[in-house]
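[1] Fold the following.
(chains A and B)
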Protein chains: 2
Amino acid sequence: MHFMKCEIISVGTELLLGQIANTNSKFISEMLTTLGIDVYFQTNVGDNKSRLLECLKIASERSDLIILTGGLGPTIDDLTKETVAEFFSLKLIEDIDTKLKIQSYFKRSKRNLTQNNYKQALFPEGAKILPNDNGTAPGFIIEKNNKVVVVLPGPPAELIPMFKNHVYSYLKPLSDEIIVSKVIKMFGISESQVDEMVNNLLVSQNPTVAPLVGNGFVTLRITAKSDDPLKAKNMIDEYEKNIRGLLSEYIFGVDDDTLESVVLNLLKTKNLTLSTAESCTGGLLSEKITSIPGASEVFKFGAITYSNESKQEILGVSKNIIEKYGAVSEETAREMAVNVKDIAKTDYGLSITGIAGPSGGTPTKPVGLVYIGLAYKDTVYIKKIISNGNRDKIRLNSAMNALDMLRRHLSGLKIDY
Amino acid sequence: MHFMKCEIISVGTELLLGQIANTNSKFISEMLTTLGIDVYFQTNVGDNKSRLLECLKIASERSDLIILTGGLGPTIDDLTKETVAEFFSLKLIEDIDTKLKIQSYFKRSKRNLTQNNYKQALFPEGAKILPNDNGTAPGFIIEKNNKVVVVLPGPPAELIPMFKNHVYSYLKPLSDEIIVSKVIKMFGISESQVDEMVNNLLVSQNPTVAPLVGNGFVTLRITAKSDDPLKAKNMIDEYEKNIRGLLSEYIFGVDDDTLESVVLNLLKTKNLTLSTAESCTGGLLSEKITSIPGASEVFKFGAITYSNESKQEILGVSKNIIEKYGAVSEETAREMAVNVKDIAKTDYGLSITGIAGPSGGTPTKPVGLVYIGLAYKDTVYIKKIISNGNRDKIRLNSAMNALDMLRRHLSGLKIDY
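    This next block holds a predicted model:
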């Protein structure tokens, strides 16, 4: 099938009550995009037979591929399977293997198996059953009246592996086009600046280049369509090369890279160690660094000196400095960075001091004013930033600026930009 | 109108590409639930005129209230307003106030105003305009053919305040029933334990009591329907009283409370100070505490001793202890808590040491093993936990257990549970 229109129907009253956001549709759509399958509609409907039938009627009139999620549980509310079978007038038949799996699953988890659990062993006749490695509700696929209907369990922990392991490979041959995309991640430059620098690429049709603002950083997504994976990859490589030519120093990584993961890898390869001293970020910087497995190889110590006393007595920032310039000052940031590096005996010392708000700002030192210090050998670099937004945004932007400052030093780039 | 059926249509190709999950539908549905307005369908469609017209046709046949989000921007892709006007055959008319607002907005932010920005000053004739305090795209409401149509901008930072400040009060009179709900938050007890203890309440029809597992803690949502706000409130109060009678010690707060906000308030009221010493959580505990404005009144210092050397040389944990019992041990947790309390001269010292994984586990000390120490005056309390899940889950559960241990001590509850 050259061109395939897909529609996703998510079943669950909890969605309509606003108790959860629908992350299943997002995940499935993202996967289908890479398969070159276009999703035209995503619909959320409650655990209600007549309204689900209505959705199936509409979907079967306008789409080739219908993917349903949710409502496969053992309770009386769960009616997706029964409703799909009724709509396509298919009988429900018990699958022995599934029945046995359910029995052993309950045996393992020492839970009591009730009669309604066997409901999960019933499938529409002719269905291809999709095993569930993370729960008791298998999914299934049926092909009827030129429609492909995929039915998956609601819990993401069950749906995601089922899609990756069993659905993806089934759908791949249905599209003769593949889509490859790569995300280029930048820090220290605004979206509008990026737009201006690459605007001649933004008009391209294949590959497409789309800017997106992520959590505190700017990204460009390059997406190439082709019937040949290699062709697609080459298109991406060429555009990535152009973008790097224009924005190299701001690019810290691609796809799943984060500033902290990139910085940690640089420290590991160069065999250098790090310690941190934080005031207004209160541990956010060290938390980000240590969220990466293996951080202990390079990260040794962090001091959260939240009071002036702790800055002086524990980190040894001189009383004069704090009295003369204040805790939020270039001078304090400098001593914090140097002292934590010396106390922890690390190669780098990275410090943050500032005013995260909402209160505590003054005309000369407004909320959002932050000083970052980076000490390495006998040199100390200081960066002054003023962040907008609320307390969370200011703290996040401060931590990311600190990480980027270290990334730039590790990469031999200029730091004052 | 006694009974009102609502449908939410979110417009944006980024939703269909799976680039973002639809949090707007979740937020709006949650708000409508409190108004007693039932949402029957949520549909996501791309920035495509014919398909949006199709959605409007379907929605106008089955719903009384249609809420659209997204596609109000200045670019050529943004066509929600034009499409809605066409579907209800209404002319677009320029609103002078909006035009002036847009001009001054661009003046303030020193950006260049292009002609297509004026597109955002056009509205269907007779529309009630909803001011946008956080962007240039106002929303609007039209009433046509017994339908109420609300159109809102896509960015949550613009949509949420617009809904709360302008839409909520407009919709309230459309429903003669109000729904009040309150969330009771618990820690240190499993969802199934809660289910068992309150199962006689779970069958109640009005108010309803629904369990939900949040980020690491268990919640019960009490929801009461009534035509009289006071009656609803009394129903909630009575059920909350019953629940507190059964689960009191596990209940740390309600609605927007978090463990960290509750702990900080307790410390403030009792005028007590806190310092922390973290290993495997790497600053997550202090980051949570300092995320609350005003934390500096009670939180003084945090040490992230990620290496054995920093535990010994900076925090003064004795070499023998670490060599004899290991860095992940009751004894190390005890010294970390006591020493950080003494060094920082605070009333409390709270410590965490453990194995967050994925590597580093042994048969005797598996991944997920964490010791928490709480030092107060001459007493030290130790809690040993074994968490399931990945690195993030283990770190989060450790930080929350530490906060709950402190909450229990501040509340005069037993700590070893």
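
[2] Are we agreed that residue A:222 is in a strand?
    Yes - assessed with DSSP: H, G, I helix; E, B strand; the rest coil, residue A:222 lies in a strand.

[3] residues near it, how many?
    Using other C-beta atoms under 10 Å in any protein chain shown, residue A:222 has 24 neighbouring residues. Quick note: C-beta positions are derived from backbone N, CA and C, even for glycine.

[4] Quick check: it touching residue A:202?
    No - Residue A:222 is beyond contact range of residue A:202, at 11.0 Å (criterion: C-beta atoms under 8 Å).

[5] quick one: common contacting residues for those two?
    By the contact definition C-beta atoms under 8 Å, 6 or more residues apart in numbering or on different chains, residue A:222 and residue A:202 are jointly contacted by residue A:209.

[6] List phi and psi for the closest residue to residue A:44 other than its chain neighbours.
    Spatial nearest neighbour of residue A:44, excluding adjacent residues (C-beta to C-beta, 6 or more residues apart in numbering or on different chains): residue B:42 at 3.9 Å. With angles defined as degrees, to the nearest 10, residue B:42 sits at phi -130, psi 120.

[7] Tell me who's in contact with residue B:42.
    Taking C-beta under 8 Å, 6+ apart as the test, what residue B:42 contacts is A:15-16, A:22, A:43-44, B:7-8, B:10, B:22, B:25, B:29.

[8] How about the residues of the stretch 201-350 of chain A by chain B?
    Within the stretch 201-350 of chain A, the positions adjacent to chain B are A:212, A:221, A:275-276, A:278, A:281-287, A:289-291, A:293-296, A:299-307, A:309-310, A:314, A:343-345 by C-beta under 8 Å from any C-beta of the partner chain.

[9] hmm, back to that, between all of the contacts of residue B:42, which two are separated the most?
    Using C-beta to C-beta, the pair of these lying farthest apart is A:22 and B:7, separated by 15.2 Å.

[10] Tell me which of those two has more neighbours.
    Between residue A:22 and residue B:7, residue A:22 has the larger neighbour count (other C-beta under 10 Å), namely 27 against 22.

[11] What's the end-to-end length of stretch A:287-298?
    Counting by C-alpha to C-alpha, to the nearest Å, you get 14 Å between the two ends of stretch A:287-298.

[12] Give the buried residues for that stretch.
    Residues A:287-293, A:295-296, A:298 are the ones in stretch A:287-298 that count as buried (16 or more other C-beta atoms under 10 Å in any protein chain shown).

[13] Can you add pLDDT and give those back as JSON lines?
    Compiled in JSON lines, the buried residues of stretch A:287-298 are given as follows (pLDDT from 0 to 100):
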{"residue": "A:287", "pLDDT": "98"}
{"residue": "A:288", "pLDDT": "98"}
{"residue": "A:289", "pLDDT": "98"}
{"residue": "A:290", "pLDDT": "98"}
{"residue": "A:291", "pLDDT": "97"}
{"residue": "A:292", "pLDDT": "97"}
{"residue": "A:293", "pLDDT": "96"}
{"residue": "A:295", "pLDDT": "97"}
{"residue": "A:296", "pLDDT": "96"}
{"residue": "A:298", "pLDDT": "98"}
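
[14] and the residue of the stretch 101-250 of chain A found nearest chain B, what is it in contact with?
    When distances are taken as C-beta to the nearest C-beta, the stretch 101-250 of chain A reaches nearest to chain B at residue A:212, 6.9 Å away. By C-beta under 8 Å, 6+ apart, the residues touching residue A:212 are A:218-221, B:19.

[15] One more pass at 6 Å, please.
    Residues counted as contacts of residue A:212 (C-beta atoms under 6 Å, 6 or more residues apart in numbering or on different chains) are residue A:219.

[16] do residue A:278 as well
    Residue A:278 neighbours (C-beta under 6 Å, 6+ apart): A:285, A:304, A:352.

[17] Report the helix or strand with the lowest average pLDDT across chain A.
    When each helix and strand of chain A is scored by mean pLDDT, DSSP states H and E, strand A:208-213 comes last, with a mean of 80.

[18] Strand partners (parallel or antiparallel) of that strand?
    Strand A:208-213 has the following sheet partners, assigned by DSSP bridges: strand A:218-226 (antiparallel).

[19] Tell me which helix or strand comes right after the strand it pairs with.
    helix A:229-247 (DSSP states H and E).
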